[in-house]
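Colleague: Take a look and give me a structure for this.
(2 chains)
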Amino acid sequence: MKRELSLDDIESLAVGAWILGTGGGGNPYLPLLNMRLLYKEGHRVHLIDSNDLADDALVGTVAGMGAPLIGQERLTDSLTLARAVTLMERHLGRKFDALMSMEIGGSNGIRPFMAAAHLDLPVVDSDTMGRAYPELQMTSVAVGDLTGYPLSLVDVRGFESVVHKVPTWKWAERVGRKIVTEYGSTAATCQPPRTGAEVKQWGIHGTTTKAIAIGTAVREAQRRHSDPVAAILSVEPGKLIYKGKVIDVARRATEGFLRGVVRFDGLDEYRGSAFAINFQNEWIVGSRDDEPVVMTPDLICVLDSVTGEAVGSETIRYGQRVTVLALPPTKIFLTPKGLQHVGPRAFGYDLDFRSVFSA
Amino acid sequence: MRRIGIDVGGTNTDAVLIEEGKVVRAVKAPTSEDVTTGILDSLKSLGSTGVLGGKKIDGVMIGTTHFINAVVQRRSLTRVAALRLGMPASASLPPFCDWPEDLAALVRGGVWMVEGGHEYDGRLFMPLDEAAVTKAAGEMKAAGLKSVGISAIFSPLDPGHERRAAELVAKVIPDAVITCSSDLGRIGLLERENAALLNAALADLARDTIAAFEKAIADSGIAAPLFITQNDGTVAEAAQARRLPVYSFASGATNSMRGAAYLSGLSDAMVIDVGGTTTDVGQLKHGFPREANSVVKVGGVRTLFRMPDLLSIGLGGGSHVELDPLKVGPLSVGYRLLREGLAFGGKQLTTTDIAIAAGLLELGDRKKVAHLDAATCETVFAEAARLAEEAIDRMKTEAGDVPLIAVGGGAFLIPEKLPGVSKVIHVQHGDCANAVGAAIAQVSGECDQIFKDLSRAEALSAAQGIANDRAVAAGANRASLATIESEDMPLAYLPGNSVRVRVRVVGDVAAT
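Modeller: Next comes the predicted model:
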């Protein structure tokens, strides 16, 4: 069923997508700002269910790639995202029937709507991560071994590139990343095109709706001055993991990623208990009193205890008072193949995945 | 060294004279509508005590809320021409795009976006379109705009395009007042540009206010240079404050914390500043307040100013007290305490009445609060202490007990012992800590840049050099400079060894 999103839905989407970003994915504030201006100019966007797609429908997956810091100076631009989509259409010689999100977590949760506003295409209520992850092979479609090419990448100055063919998703990531770097470490991309049948089988469904529901819960709690964390848990089957304040942040950049560890001291019922989270852009493994208790692909969400809004790994700092929640991942990532792509070992942690949701 | 510090608060304008490291005299005068009268009164009051006695004063340091109030109250603002150098990027988010409508309507004189700007590694993003800048300046002139805010992509790394554009604009509009965003530091185009536009909007007010302050000082018969205290607890010379008034947005709380450090002799401690209505809790590190590291909204506009990280709670000397059930604050009688408090013949029981009943304060008429027995006073103090303890615990960044300095007019609410606190320090002149903080303010310089292909030590040292030069340009004595903050952040997804370094240094005001 096709439904028009209100600006209020999109405001909630921004809050929810940032929470599903699990520490990475970039703050959605600038995409949100674009949407506010687009709505003011009369543009509207529509959400459809994956079941609304014909099996042979063609779906374009929209994402920004690059360093979040660059995005703070070269601000995300809706027309450039639309150009990445039309470049892919030209390359394929075929028009898209709908767009979708590669990554619901963070700013990429909103970017398909920025392109959709200009192209008058609906956006499918599905994505390929259900959260944020740092690399292109960390998606449900890569787990499903769907084709990892072609990939279009455009720059606001008019550059247009298409990665026509690569053997694997990892190669798509490597070659694509090189182009993004030459562009100045920011690019608008249209990811490998998908058929309606592929989206139905391998998409992670209902994630835009989920992000809107989480964001709505948080925003309502803020308005009523009630507990935003409780509000999230009332709409999502999540688990409260820890409450505390940040006592140390150690960051290092390796192989193009921001890695590090954040340490916390317990507050309230967690007083006297230490917690640490290792991150690679996103929160990867959380340990309580040195014992790993929560890990990828479970979603680790670090929230500001007062506002309920997400805290990112780039900006988390001393003294912040936070609540750590876990949310369940898509089942696609819980298979042996899924864990190969996004389990703790995919990030270099020699740990067997244990979910906080398996009783 | 002999300095006068003045803090213009919501209720009182405090003035102190500091001589050779000692507070010689502290006075209070009611804050006046026009602010300068209050300053004049406080200086007269200080003069009447005879302490000035024709001695040479090295500086008058004023902390004021003038500029932030103008933005918050939407008054005395100048219309601004916004010139952004960065096309074709960011076109969908033009200058003023995230301002509240009412403020944008007052300030937005016009928006021009032309090609220019740099990449994160210093390469050109686009060459500066000089012809377009000159054409824009002509249109600004035709529109009667004289205050211009210029921003460019990655200008904190390379301010060259902003500077060149400023020259080109000045050629067309010789009396233009121009703010370049690179002078306001920090990466984040929209927030930095917002700061530049706010600054440009304060151009006329800054000129008039600084002139009025200088006149008030001269009229008081004091021959001393004027300094304005800034958000981060340092001061700027009058000329610099006139050029960059946004840096003086939020100096009151900072001054209190700096004053607390000075009066107690401690440089690392928690500070609790108990005023009439609210209590601010912050943390001193190396004698300066720990800064908030995130976006700060001023009058609804997102910026990245250097502001202290404070937690404010509704507890103060004027807080309403309810006995059954027990409740202290957040309502307060504020500056009406001397009319509405029980001990002053009013009807509202306040924390000050409790302190009078308990014999902690000698104010008002103790007979009017004689019905409050010792046990009642105890429970009220315990509740105030609980509120304070919670706030302190929330602001602590390390485990273990820390010293706590209690200042402000309501500091009597802070007991001698608190859980999580190694010792509570009450200081003499603590009720004028803010004016003391203004009087002792130093000068700072900051660098926030991305460095590429340097070792970590080389990058830190390069950043330090830039910060030092900026501090000296702002009036610091080079020999006295010390680094108080140094932070490096490796950058994800950037090639090479890219690291963002932020260094802040402070030093004493150079003798003139």
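Colleague: Run a quick neighbour tally on residue B:112.
Modeller: By the measure other C-beta atoms under 10 Å in any protein chain shown, the count of residues near residue B:112 is 23. Where you see a C-beta, it was placed from the backbone N, CA and C, and this is true even at glycine.
Colleague: For it, which non-adjacent residue is spatially closest?
Modeller: Leaving aside its chain neighbours, residue B:112 sits nearest to residue B:136 (3.8 Å; criterion: C-beta to C-beta, 6 or more residues apart in numbering or on different chains).
Colleague: Pull the number of nearby residues for that neighbour.
Modeller: Neighbours of residue B:136 under the rule other C-beta under 10 Å: 24.
Colleague: That one and chain A, how far apart?
Modeller: Distance, residue B:136 to chain A, by C-beta to the nearest C-beta, to the nearest Å: 20 Å.
Colleague: Residue B:455 too?
Modeller: With C-beta to the nearest C-beta as the criterion, residue B:455 and chain A are 14 Å apart.
Colleague: do the same with residue B:409
Modeller: Separation of residue B:409 from chain A (C-beta to the nearest C-beta) stands at 27 Å.
Colleague: quick check, that residue in a helix?
Modeller: No: counting by DSSP: H, G, I helix; E, B strand; the rest coil, residue B:409 is located in no helix; its state is coil.
Colleague: Any chance of the backbone angles for the closest residue to it other than its chain neighbours?
Modeller: In space, not counting the residues next to it along the chain, residue B:409 is nearest to residue B:431; the distance is 4.8 Å by C-beta to C-beta, 6+ apart. Phi and psi for residue B:431, reported as degrees, to the nearest 10, are phi -70, psi -10.
Colleague: Repeat that for residue B:386.
Modeller: In terms of degrees, to the nearest 10, the main-chain angles of residue B:386 are phi -60, psi -40.
Colleague: same thing with residue A:247?
Modeller: When read as degrees, to the nearest 10, the backbone of residue A:247 gives phi -110, psi -10.
Colleague: Roughly how far does it sit from residue A:276?
Modeller: Going from residue A:247 to residue A:276 by C-beta to C-beta, to the nearest Å gives 10 Å.
Colleague: Overlap of the contact sets of those two?
Modeller: The overlap between the contact sets of residue A:247 and residue A:276 (C-beta atoms under 8 Å, 6 or more residues apart in numbering or on different chains) consists of A:263-264.
Colleague: so which helix or strand takes in residue B:240?
Modeller: Counting by DSSP states H and E, the secondary-structure element that holds residue B:240 is helix B:238-243.
Colleague: Now do that helix: everything it contacts.
Modeller: Residues from elsewhere that reach helix B:238-243, judged by C-beta under 8 Å, 6+ apart: B:179, B:183, B:206-207, B:210, B:213-214, B:225-228, B:230, B:247-248, B:474-475.
Colleague: Name the member of these with the shortest distance to chain A.
Modeller: Closest approach to chain A among those (C-beta to the nearest C-beta): residue B:183, at 16.6 Å.
Colleague: Report the buried residues of the host helix or strand of residue A:222.
Modeller: Here residue A:222 sits within helix A:207-224, counting by DSSP H and E. For helix A:207-224, the buried set under the neighbour-count rule, 16 or more other C-beta atoms under 10 Å in any protein chain shown, comprises A:207-219, A:221-222.
Colleague: Now do the helix or strand following that helix, average pLDDT.
Modeller: Beyond helix A:207-224 on the C-terminal side, the first helix or strand identified by DSSP H and E is helix A:228-235. Rounded to a whole number, the mean pLDDT of helix A:228-235 is 96.
Colleague: Just the CA atoms of helix A:228-235, as PDB, please.
Modeller: The C-alpha coordinates for helix A:228-235 follow below in PDB (Å, rounded to 0.1, in the frame of the first residue of the first chain):
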ATOM      1  CA  PRO A 228      12.500   8.000  26.300                       C
ATOM      2  CA  VAL A 229      14.300   4.700  26.800                       C
ATOM      3  CA  ALA A 230      11.200   3.100  28.200                       C
ATOM      4  CA  ALA A 231       9.300   4.600  25.300                       C
ATOM      5  CA  ILE A 232      11.600   2.800  22.800                       C
ATOM      6  CA  LEU A 233      11.200  -0.500  24.700                       C
ATOM      7  CA  SER A 234       7.400  -0.100  24.500                       C
ATOM      8  CA  VAL A 235       7.600  -0.200  20.600                       C
END
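Colleague: Give the other helices and strands that it contacts.
Modeller: Of the remaining helices and strands, those touching helix A:228-235 by 3 or more C-beta pairs under 8 Å, 6 or more residues apart in numbering or on different chains; DSSP states H and E are helix A:207-224, strand A:299-304, strand A:321-327.
Colleague: Out of these, which gets nearest to chain B?
Modeller: Proximity to chain B, assessed across those by C-beta to the nearest C-beta, is greatest for strand A:321-327 (6.3 Å).
Colleague: Give me the contact status of the closest one with chain B.
Modeller: Yes: among the residues of strand A:321-327, residue A:321 lie within reach of chain B under C-beta under 8 Å from any C-beta of the partner chain.
Colleague: can you list contacts of that strand?
Modeller: Contacts to strand A:321-327, defined as C-beta under 8 Å, 6+ apart, come from residues A:20, A:229, A:232-233, A:236-246, A:264, A:267, A:275, A:277, A:286, A:294, A:298-306, A:311, A:316, A:356-357, B:394.
Colleague: which among those end up buried?
Modeller: For the contacts of strand A:321-327, burial is judged from neighbour counts taken by 16+ other C-beta under 10 Å, and it is met by A:20, A:229, A:232-233, A:236, A:238-239, A:241-246, A:264, A:267, A:275, A:277, A:286, A:294, A:298-306, A:311, A:316, A:356, B:394.
Colleague: now, which of the contacts of helix B:238-243 lie within helices?
Modeller: Secondary structure from DSSP state H places B:206-207, B:210, B:213-214 of those in helices.
Colleague: Now stretch B:118-127: buried residues?
Modeller: By neighbour count, and taking 16+ other C-beta under 10 Å as the criterion, the buried residues in stretch B:118-127 are B:118-121, B:125-126.
Colleague: Any idea which of those residues the model trusts least?
Modeller: Scanning the buried residues of stretch B:118-127 for pLDDT, the low point is residue B:121. It has 75.
Colleague: Could you verify that that residue is part of a helix?
Modeller: No: the assignment for residue B:121 (three-state DSSP) gives coil, which keeps it out of a helix.
Colleague: Break down the stretch 101-250 of chain A into its strands, ranges please.
Modeller: Taking DSSP state E, counting those that start in this stretch as the criterion, the stretch 101-250 of chain A contains strands spanning A:123-124, A:126-127, A:151-154, A:160-163, A:186-195, A:204-205, A:239-254.
Colleague: Which one of these lies nearest to residue B:161?
Modeller: strand A:186-195 (18.9 Å; C-beta to C-beta).
Colleague: now check that closest one, is it near chain B?
Modeller: No: contact between strand A:186-195 and chain B, assessed by C-beta under 8 Å from any C-beta, is absent, since the two come no nearer than 8.8 Å.
Colleague: That strand: partners in the sheet, and parallel or antiparallel?
Modeller: Strand pairing for strand A:186-195, using DSSP bridges, gives strand A:58-66 (antiparallel), strand A:151-154 (antiparallel).
Colleague: Reformat these as CSV; add mean pLDDT.
Modeller: Putting those into CSV (pLDDT from 0 to 100) gives the following:
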stretch, mean pLDDT
strand A:58-66, 96
strand A:151-154, 98
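Colleague: For these, give me TSV that also has mean neighbour count and distance to residue A:320.
Modeller: As requested, the strands paired with strand A:186-195 are arranged in TSV below (neighbours: other C-beta atoms under 10 Å in any protein chain shown; distance: least, C-beta to C-beta, whole Å):
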stretch	mean neighbour count	distance to residue A:320
strand A:58-66	26	26
strand A:151-154	26	35
